[in-house]
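*Asks:* sequence and predicted structure are below.
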Amino acid sequence: GQCVAVCPVGALHERDYTWDVVEALANKKKKVIVQVAPAVRVALGEEFGLEPGTDVTGKIVSALRMMGFDYVFDTNFAADLTIMEEATELKKRVEGYLAKDPDVKLPILTSCCPAWVKFIEHNYPDMLDIPSSAKSPQQMFSVVAKEIWAKDMGVDRNDLVVVSVMPCLAKKYEASREEFSKNGNPDTDISISTRELAELIKQKGFNFTNLPDSEFDAPYGTSSGAADIFGRTGGVIEAATRTAYEWITGNELEKVDFEQLRGLEGIRIAEVPELQIEGSAFRIGIAHGLGAARELLDKIKSGEEVVHAIEIMACKGGCIGGGGQPYHHGNFEIIKKRFEGIQAIDNGKELRKSHENPYIKQLYEKHLGEPMSHKAHELLHTKYFARKKN
Ligand code: SF4
């Protein structure tokens, strides 16, 4: 598959997990819930003859419910949660940097791409203090499901199976990392790709294109447009900027579209003049594809390029171009259409800032306190490990 070329860990995890899902759904003793990543919804339709970029969110929810999942939730909810933690960390790091705290490092690097995280652990062990410690949306969702939702529902975490549908093969590896488990029980039990979901739908014989639209379940089914754009290059940092801008300046952000952060060039450097750091504009570096990522990181390491924040995605186009998506056979037009599809979803939403998601506010009020609180730290943050060069 395409992933062998673009994602350094995916190749090890090409095993088909559809059977594991079928087995879990057949086990009457288990509650089985599912989360669906943003990039999946603008690509899955291609497996059923629809145009790339077609938003099939509602049909995915119907299909998953008909398959027998007890609850159908949205990874997007956890993307909003990721922004709460990451934007808080960004704000704290900016404040520490301005106060000349020697322990505080800028730039901050987004950390939701496990292939990229693994790459930096192997190749830049001296730079492990720059990634945000925030877990990825997949892992935030799963830990909240097992440690908060399951308790509220009176379900033992060992009787809860969390399935994720991801555009990604590296997410299978991420799910298996030991730090994302408790007493041997993983937070994410089974991670399947977009193609594997298509396979399951075909096995069931559903007429996908004729399925009605359904809504995700509460409380983890509501999300902002900022969460949708996690699926495309530049989106995570745009989502973080929408929130960090308001938190750092105290002003309301009226125009949420940071056009300068969008585009499909391998490396983009953009400034956000509304956000000033020591008299100059906040500078952001964005790279997608591992070659471009290495190039950008080397420039930052050598001091040739100075930025305050970095977003790196291992796949070209970001997760819309992931190794678990319907094959695009190197046709970049397909990636572009998925990009536009994601952007249309964001544009069409009333809610476009993660911190305004009412269910996110509720989660903090009821369970987490503040972003980066002790509880938030325990559940939503992680550590990185230097690994042998490979
Ligand atoms: Fe997975 Fe997205 Fe990273 Fe690709 S860019 S490896 S799809 S997380």
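*Replies:* Thanks, I have the structure now. Everything numeric here is computed off the predicted structure, so don't read it as measured data.
*Asks:* what about the strands in the stretch 251-390 of the chain?
*Replies:* For the stretch 251-390 of the chain, the strands defined by DSSP state E, counting those that start in this stretch occupy 267-277, 280-288, 309-313.
*Asks:* can I get the helix or strand containing residue 95 in PDB, CA atoms only?
*Replies:* Using DSSP states H and E, residue 95 maps to helix 75-98. Once non-C-alpha atoms are left out, helix 75-98 reads as follows in PDB (Å, rounded to 0.1, in the frame of the first residue of the first chain):
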ATOM      1  CA  THR A  75     -13.200  11.700  17.400                       C
ATOM      2  CA  ASN A  76     -13.900  15.300  16.600                       C
ATOM      3  CA  PHE A  77     -15.100  15.800  20.100                       C
ATOM      4  CA  ALA A  78     -11.700  14.700  21.400                       C
ATOM      5  CA  ALA A  79     -10.000  17.000  18.800                       C
ATOM      6  CA  ASP A  80     -11.700  19.900  20.500                       C
ATOM      7  CA  LEU A  81     -10.500  18.500  23.800                       C
ATOM      8  CA  THR A  82      -6.900  18.300  22.400                       C
ATOM      9  CA  ILE A  83      -7.100  22.000  21.500                       C
ATOM     10  CA  MET A  84      -8.200  22.900  25.000                       C
ATOM     11  CA  GLU A  85      -5.000  21.300  26.300                       C
ATOM     12  CA  GLU A  86      -2.700  22.200  23.500                       C
ATOM     13  CA  ALA A  87      -3.800  25.900  23.400                       C
ATOM     14  CA  THR A  88      -3.300  26.100  27.200                       C
ATOM     15  CA  GLU A  89       0.100  24.700  26.900                       C
ATOM     16  CA  LEU A  90       0.900  27.100  24.000                       C
ATOM     17  CA  LYS A  91      -0.300  30.000  26.200                       C
ATOM     18  CA  LYS A  92       1.800  28.900  29.100                       C
ATOM     19  CA  ARG A  93       4.900  28.300  27.000                       C
ATOM     20  CA  VAL A  94       4.500  31.800  25.400                       C
ATOM     21  CA  GLU A  95       4.200  33.300  28.900                       C
ATOM     22  CA  GLY A  96       7.200  31.400  30.200                       C
ATOM     23  CA  TYR A  97       9.200  32.300  27.200                       C
ATOM     24  CA  LEU A  98       8.400  36.000  27.600                       C
END
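*Asks:* and that helix, what other elements does it pack with?
*Replies:* strand 31-36, strand 108-109, helix 137-144, helix 225-228, helix 235-249, strand 267-277, helix 358-363, helix 374-380 (3 or more CB pairs under 8 Å, 6 or more residues apart in numbering; DSSP states H and E). Placement of C-beta: from N, CA and C, glycine included.
*Asks:* what parts of the stretch 201-350 of the chain come near the ligand?
*Replies:* 313, 314, 315, 318, 319, 322 (CB under 6 Å from any ligand atom).
*Asks:* which among those gets closest to residue 218?
*Replies:* residue 319 (24.9 Å; CB to CB).
*Asks:* counting neighbours, what do you get for the closest residue to residue 153 other than its chain neighbours?
*Replies:* Once flanking residues are discounted, residue 153 sits nearest to residue 31: 7.7 Å by CB to CB, 6 or more residues apart in numbering. Neighbours of residue 31 under the rule other CB atoms under 10 Å: 17.
*Asks:* look up how far the ligand lies from the most centrally placed residue in the chain.
*Replies:* Nearest residue to the geometric centre of the chain (CA atoms, centre = their mean): residue 137, 4.5 Å. Between residue 137 and the ligand the computed distance is 10 Å (CB to the nearest ligand atom, to the nearest Å).
*Asks:* before we move on, what about residue 65?
*Replies:* 25 Å.
*Asks:* surely that residue and residue 213 touch.
*Replies:* No: taking contacts as CB atoms under 8 Å, residue 65 lies outside contact range of residue 213: 11.6 Å.
*Asks:* who's more crowded, those two?
*Replies:* Between residue 65 and residue 213, counting by other CB under 10 Å, residue 65 is the more crowded of the two (17 against 12).
*Asks:* returning to that earlier point: most packed of the strands of the stretch 251-390 of the chain?
*Replies:* Among those, strand 309-313 has the highest mean neighbour count (mean count of other CB atoms under 10 Å), at a mean of 28.
*Asks:* quick check: which helices or strands does that one pack against?
*Replies:* strand 108-109, helix 235-249, strand 280-288, helix 290-302.
*Asks:* burial count for residue 76?
*Replies:* With other CB under 10 Å as criterion, residue 76 counts 32.
*Asks:* show the backbone phi and psi for the residue lying closest to it once chain neighbours are set aside.
*Replies:* Once flanking residues are discounted, residue 76 sits nearest to residue 223: 3.4 Å by CB to CB, 6+ apart. Backbone torsions of residue 223, given as degrees, to the nearest 10, read phi -150, psi 160.
*Asks:* again, but for residue 71
*Replies:* phi -140, psi 140.
*Asks:* hmm, residue 33 and it touching each other?
*Replies:* Yes: at 4.3 Å, residue 71 and residue 33 qualify as touching, with contact defined as CB under 8 Å.
*Asks:* so between those two, which is more surrounded?
*Replies:* residue 33 (27 against 20).
*Asks:* gap between the more buried one and residue 324?
*Replies:* 20 Å (CB to CB, to the nearest Å).
*Asks:* and if you look at residue 383?
*Replies:* Counting by CB to CB, the gap from residue 383 to residue 324 is 26 Å.
*Asks:* so the helix holding residue 95, near the ligand or not?
*Replies:* No: using CB under 6 Å from any ligand atom, helix 75-98 never reaches the ligand; the gap is at least 11.2 Å.
*Asks:* next: stretch 102-122.
*Replies:* Yes: with CB under 6 Å from any ligand atom as the criterion, the ligand is reached by stretch 102-122 at 113, 114, 115, 116.
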